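Participant: sequence and predicted structure are below.
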Amino acid sequence: MSEVQSIQWFPGHMTKTKRKILADLKLVDIVAEIVDARIPQSSRNPVLKEIINSKPKIILLNKSDMADERETVKWINYYKENNIIAVPIDSKNGNGINKLYVNVREILKEQIAAWNRKGMIGRPIRIMVVGVPNVGKSSFINRIIKGGKAGKAEVQDRPGVTRQNRWFTVGKGFELLDTPGVLWPKFEDPIVGEHLAFTGAVRDNVLDIEALASRLLELIMKLYPKAIGERYNIDVETNLDGYEILKAIGKKRGMLISGGEINTERAAIAVLDEYRGAKLGRMTLEQSC
């Protein structure tokens, strides 16, 4: 069994972001926390939870098109039992996006009624969008504003792109406040950091890429035992560790260097890229039950 890597990553701008979010909370009515549907718990930042505190919130399970549909339903029920509304969305294709408006109005129905009684009919509902890097926050905002006059959020498939707060007018009577992604100073549970690394929320260049891919392969073998063999057309024994599976993949793909040695680094990059692109199938690495 490969060892879990200790991952620590907290760039200076993250500290400023935390303070800015805390200051801007008074400007909004509700917080929309975007998480990765494949790792719903690890992609929920406890620092954000602490900052948001009692402010109304909704969870958007993004990248639900890449997650196991059955597990997503279980997570929605789990959050419901904890008095949190969670909505599965696919920012790239727009699936589920419109459910945000309906659910936000439902969550804030008492507040909206109070505004109406005060003559503030039609007051825009202000939503702060938060999330860790690379959960698809910018893709979500680009989809929801549909390239309108507000402009587009910058989208790149790497963590830490959005670095300043920006407002967008969306839908009928809604305003969105975008914030940079926030990671936390220390992962108390190394598994959390590892899961974030699997999905690309932590930069690959700070990691042992081969160890990371080996750990991912072991987890996939545990949760979706047929997926590796089907994707790479190899016979995978259940007692093989991740590194041995990685070597088998490299050999099958002809990833060799001088002397016939298997290029496990190249194989590791391929495995991570293919997992992140859902080429291994729809998978949820954190299962609620």
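Facilitator: Nice, thanks for sending it over. Numbers count the residues shown, from 1 in each chain.

Participant: mind listing what residue 101 touches?
Facilitator: For residue 101, the contact set (C-beta atoms under 8 Å, 6 or more residues apart in numbering) comprises 171-172, 174. (Each C-beta comes from the backbone N, C-alpha and C, glycine too.)

Participant: so it is in which element?
Facilitator: Remark: residue 101 resides in helix 99-107, with elements defined by DSSP states H and E.

Participant: residue 61 now?
Facilitator: Per DSSP H and E: strand 57-62 holds residue 61.

Participant: which element follows that strand toward the C-terminus?
Facilitator: Following strand 57-62 in sequence, per DSSP H and E, is helix 69-81.

Participant: which residues does that following helix contact?
Facilitator: 37, 40, 59, 61, 64, 85-88, 282, 284, 287-289.

Participant: show me how far that helix is from its chain's centre.
Facilitator: 16 Å (C-alpha atoms, centre = their mean, to the nearest Å).

Participant: put the alpha carbons of that helix into CSV.
Facilitator: Only the C-alpha atoms of helix 69-81 are listed here, as CSV (Å, rounded to 0.1, in the frame of the first residue of the first chain):
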residue,chain,number,x,y,z
GLU,A,69,-24.9,9.4,-10.0
ARG,A,70,-26.1,7.1,-7.2
GLU,A,71,-23.5,8.5,-4.8
THR,A,72,-24.6,12.1,-5.6
VAL,A,73,-28.1,11.3,-4.6
LYS,A,74,-26.8,9.9,-1.3
TRP,A,75,-24.9,13.1,-0.7
ILE,A,76,-27.9,15.3,-1.4
ASN,A,77,-29.9,13.2,1.2
TYR,A,78,-27.0,13.5,3.6
TYR,A,79,-26.9,17.2,3.4
LYS,A,80,-30.7,17.4,3.6
GLU,A,81,-30.6,15.5,6.9
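
Participant: neighbouring strands - and their directions - for whatever helix or strand comes next after that helix?
Facilitator: Sequence-wise, the next helix or strand downstream of helix 69-81 (DSSP H and E) is strand 86-88. Sheet pairing here is set by DSSP bridges, and for strand 86-88 it gives strand 57-62 (parallel).

Participant: report the buried residues of the strand holding residue 61.
Facilitator: For strand 57-62, a neighbour-count test (16 or more other C-beta atoms under 10 Å) marks 57-62 as buried.

Participant: what angle sits between it and helix 69-81?
Facilitator: Per axes from the mean of the first three to the mean of the last three C-alpha atoms, to 10 degrees, the angle that strand 57-62 makes with helix 69-81 is 180 degrees.

Participant: give me the domain ranges for the protein.
Facilitator: 12-178, 208-276 (automatic domain parsing).

Participant: lowest average pLDDT across the ones you listed?
Facilitator: For the domains of the chain, mean pLDDT drops lowest on domain 12-178, to a mean of 84.

Participant: can you pull out the helices in the stretch 151-289 of the chain?
Facilitator: For the stretch 151-289 of the chain, the helices defined by DSSP state H, counting those that start in this stretch cover 190-199, 209-223, 227-232, 242-252, 264-276.

Participant: TSV please, covering those helices and showing mean neighbour count.
Facilitator: What follows is the helices of the stretch 151-289 of the chain, written out as TSV (neighbours: other C-beta atoms under 10 Å):
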stretch	mean neighbour count
helix 190-199	22
helix 209-223	21
helix 227-232	17
helix 242-252	21
helix 264-276	20
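
Participant: related to what we said a few turns ago, between the contacts of helix 69-81, which is nearest residue 266?
Facilitator: Lowest distance from residue 266 to the contacts of helix 69-81 (C-beta to C-beta) belongs to residue 282, with 25.6 Å.

Participant: all set, thanks.
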